[in-house]
Structures are given as C-alpha cells and as structure tokens.
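In: Let's see this in three dimensions:
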Amino acid sequence: MENQMQSCGMNAQQDQQKLQDKEIEASLSRIKNKILVMSGKGGVGKSSVAAYLSVALAKKGHRVGLMDVDLHGPSIPRLLGLKGNIEPGTKGGKAGPVKYLPNMEVISIEPLMGENKDAATIWRGPLKIGVIRQFISDIEWNDLDFLVIDSPPGTGDEPLTVAQTIPGAKALIVTTPQEISLADVRKSINFCRQVNMEILGLVENMSGLTCPHCGKTIELFKTKGGMLTAKAEGLRLLASLPLEPEVVQQGDLGGMAVLDNDELTFTREFNKMVDEIVKLNLTERPALS
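Out: Next up is the predicted model:
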C-alpha cells in the first residue's frame, strides 16, 4: 500500500511537471531570442549589463523583456528605479510583467522574497529549482524580439535550471579582467558547453578607469584578461567596458541616462556591443517603426 501511494505521488508530480513544461513552452514560443546573462562569480556587473542591454535594445526599437531570476540578489528593480514597484500584474490568469518602456517589460523574482528585502534567502537546491520553474511558467509575455534573463552567478542549481527551462537561450558571460574572475568564467564557459548552450561571447567589465585629471587609463583590475580568455576559448570578446563613475551613480539612483551620453567611452563601447548582438541574432523580428 505504501509503495502504491509513493508511486501515485511520483506520477502526480511528473504530470504536474509536464503541464508546467507545456505552459513554459507556450509562453516562450512568443519570444524570438533569449539571452542568458551570466557570470562565474558575483560582483562583476552582470545585472548592470543585463539592465543596460535590455534598455539599449528597446531604445533601438526592439520589443524586449527583462526577467530577473537572481534569487540571492535581485538587483534589476533598483537598477531601473522600480524598487518597491515591481509587483506583477495579472494577464490571462498569469503574472503580467511591469511596463518600463512602451516596448520593454520587466519582471523580477524580488516580490517572492517576502517583505524584508534585506533578509537572506536560505533555500536548498530543490526549492530553488521549483521556485524558478514556477516563476518562469507563471509569466505571460507579449510577443518579444528579445528576452534578457539576469541569472544568478555561478554554475549551480539556479543557472542550470534556467538553462534547462529556457531552451534555445544563448549565454552572454560577464567578467572582469582579473584572474580570480577569469578562473570562474572558464567554469561558466565549460558549463555552457556541457549543457549545449550557445555562447554569444564574453563581456569584460571594469576594464580600466580613465583619470578625470590627467586622462590616463588606470588598470585597476589588470587588462586584456577578457580578450586573452576569449581568444584561448575560441569565443568572441563583445566588449571591454571601462569603469565609469557616472554608471555607478546612475545605478544607485535607478537611472539609465548614461546610455544617451555618447561622450562616455562606456556608452560608445556598450552600444557597439548591442549592435553586434543584434547582428548575431538573425532570427529577430524587424524593429518597430
């Protein structure tokens, strides 16, 4: 009798997972290109790259969705100035993303973290997997050209779940030039290869600081590490983004105005990267007129 009950429970769980898989497939079928922004370690600017990439794509006329599934540090609401105002709406009985721009929608896992946003998320692997899958299946997107996913750092349960749940996603791996970051990036590269995820390329963030007084470049985290790693691994280096104080300030204020300032090296390099990403995704729809 006990074995029969266990068998019934397992069958019910499998049926529920199959139903969830169908819901996820139906939702994701409306999205042309999925970009998983990931990093081998935290603190390299992964969420900032995801946020700026989404806004830049939208400013170029593409229909964009930004999904924040970083369980331990959901930063997207703060970066976009949506902190405290990211509660999902309802759309056909499912969660509806928040409108950030006329052609850009945002959803974050932050509201599921409880009222105390400073509380630590102490969850084991199976619970994390279930929450991420449920979160993805419960979202109803409009037709999108690009879905940008801000994934948790590392190569553990969370990015693995995202990779397996969102087939066809391509990885954009963010690093800094220093070896301690590049060592973890190589793990992310191997992770992508093991799960058969295409890698769009590497982004080297915090690549030097231009002194505002003398104009010289200060290599705070070494230099060319991203380029050398990309070359060794046979990957594209999509951008080397310098440290820019205005980016830091705008990030704390929840502003994206830095993308409109072409006088900044950061902005010019970032927009070049966005153009290259658009070229690499040949399945995109035409931009909005």
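
In: Just the helices from the stretch 151-289 of the chain, written as ranges.
Out: Secondary structure of the stretch 151-289 of the chain (DSSP state H, counting those that start in this stretch): helices at 157-165, 179-194, 225-233, 245-253, 265-280.

In: Averaged pLDDT, the third one. What do you get?
Out: Summarised as a single mean, pLDDT over helix 225-233 is 86.

In: Please list the residues outside it that contact it.
Out: Residues outside helix 225-233 that contact it (Cβ atoms under 8 Å, 6 or more residues apart in numbering) are 175-179, 181-182, 185-186, 189, 201-204, 207, 235-237, 240. Heads up, the C-betas are built off the backbone N, CA and C, glycines and all.

In: Narrow these to just the buried residues.
Out: Listed as buried from those are 175-178, 181-182, 185, 189, 201-204, 207, 235-237, 240; burial here means 16 or more other Cβ atoms under 10 Å.

In: Among the residues you listed, which ones are in strands?
Out: When DSSP state E is applied, the buried ones among the contacts of helix 225-233 are split such that 175, 201-204, 237, 240 fall in strands.

In: Tyr100 belongs to a strand?
Out: Yes - Tyr100 forms part of a strand when assessed by DSSP: H, G, I helix; E, B strand; the rest coil.

In: what are the bridge partners for Leu144, then?
Out: Counting by DSSP bridges, Leu144 forms beta bridges with Ile31.

In: Contact partners for it?
Out: 30-32, 63-65, 105 are the contacts of Leu144 under Cβ under 8 Å, 6+ apart.

In: next one: Met256
Out: Met256 makes contacts with 51-52, 55, 80, 250, as judged by Cβ under 8 Å, 6+ apart.

In: now the ones in strands among the buried ones among the contacts of helix 225-233 as CSV including pLDDT?
Out: Output for those, formatted as CSV (pLDDT from 0 to 100):
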residue, pLDDT
Thr175, 88
Gly201, 95
Leu202, 94
Val203, 94
Glu204, 91
Leu237, 93
Ser240, 89
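
In: ok, how many other residues are close to Lys272?
Out: Residues lying near Lys272 (other Cβ atoms under 10 Å) number 12.

In: With Val274 instead?
Out: By the criterion of other Cβ under 10 Å, Val274 has 22 neighbours.

In: Was I right to think Met38 contacts Ser151?
Out: Yes - using Cβ atoms under 8 Å, Met38 makes contact with Ser151 at a distance of 4.6 Å.

In: what's the overlap in contacts for the two?
Out: Joint contacts of Met38 and Ser151 (Cβ under 8 Å, 6+ apart) are 46, 159.

In: Local confidence estimate at Ala183?
Out: Looking at Ala183, the pLDDT reads 81.

In: so who does it touch?
Out: If you count contacts by Cβ under 8 Å, 6+ apart, then Ala183 has Gly40 around it.

In: Repeat that for Ile31.
Out: 65, 141, 143-144, 146-147.

In: Got a ChimeraX select line for the buried ones in these?
Out: Command for ChimeraX that selects the buried part of these, burial taken from 16+ other Cβ under 10 Å:
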select :65,141,144,146,147
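
In: From the contacts of Ile31, which shows the smallest pLDDT?
Out: Trp141 (87).

In: Does that one belong to a helix, a strand or coil?
Out: Per three-state DSSP, Trp141 ends up coil.
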